[in-house]
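**Student:** give me a model of this one.
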Amino acid sequence: MGYVPGPRTIAQRELRNQNAEIIDAVSRGDTFIVTRNGVPIAELRPIPATRKQVVSKAELEAAFATSPRLDARQFREDLDRFVDQDLT
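**Tutor:** Prediction:
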């Protein structure tokens with residue numbers, strides 16, 4: 001297991017003066033504790049990704065492997081019965 005550094009402590013002044021560099025570091029995964037007059041007041045950390053952008057074919061097949069089978073004819077009948085699809 002590799003070394004994972006803890007949060008870096010920075011003064012509010014440093015955050016103000018080096019905002020772009022610090023935000024870039026956060027986007028790379030770094031975490032900062034912001035202090036005011038030496039007292040910790042905030043934690044600046046990356047937001048975890050909430051959803052995956054790309055799903056592999058294998059993951060998709062695995063997800064649908066246990067799902068119920070869909071009867072296309074019955075689905076179409078149900079859709080026609082409950083949804084008015086007339087475009088006029």
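
**Student:** so where's the longest helix in this protein?
**Tutor:** Longest helix in the chain, counting residues (DSSP state H): helix 72-82.

**Student:** okay, it in PDB with CA atoms only?
**Tutor:** Provided in PDB are the C-alpha atoms of helix 72-82 (Å, rounded to 0.1, in the frame of the first residue of the first chain):
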ATOM      1  CA  ALA A  72     -41.900  -6.900 -25.900                       C
ATOM      2  CA  ARG A  73     -45.400  -7.600 -27.200                       C
ATOM      3  CA  GLN A  74     -46.900  -7.200 -23.700                       C
ATOM      4  CA  PHE A  75     -44.900  -4.100 -23.100                       C
ATOM      5  CA  ARG A  76     -46.100  -2.500 -26.300                       C
ATOM      6  CA  GLU A  77     -49.700  -3.300 -25.400                       C
ATOM      7  CA  ASP A  78     -49.300  -1.900 -21.900                       C
ATOM      8  CA  LEU A  79     -47.700   1.300 -23.300                       C
ATOM      9  CA  ASP A  80     -50.500   1.700 -25.900                       C
ATOM     10  CA  ARG A  81     -53.100   1.300 -23.200                       C
ATOM     11  CA  PHE A  82     -51.700   3.900 -20.800                       C
END
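
**Student:** how far is that helix from where the chain is centred?
**Tutor:** Relative to the centre of its chain, helix 72-82 is centred 35 Å away, using C-alpha atoms, centre = their mean, to the nearest Å.

**Student:** what sits up against that helix?
**Tutor:** Residues outside helix 72-82 that contact it (C-beta atoms under 8 Å, 6 or more residues apart in numbering): residue 85. Glycine gets a C-beta too; all of them are placed from N, C-alpha and C.
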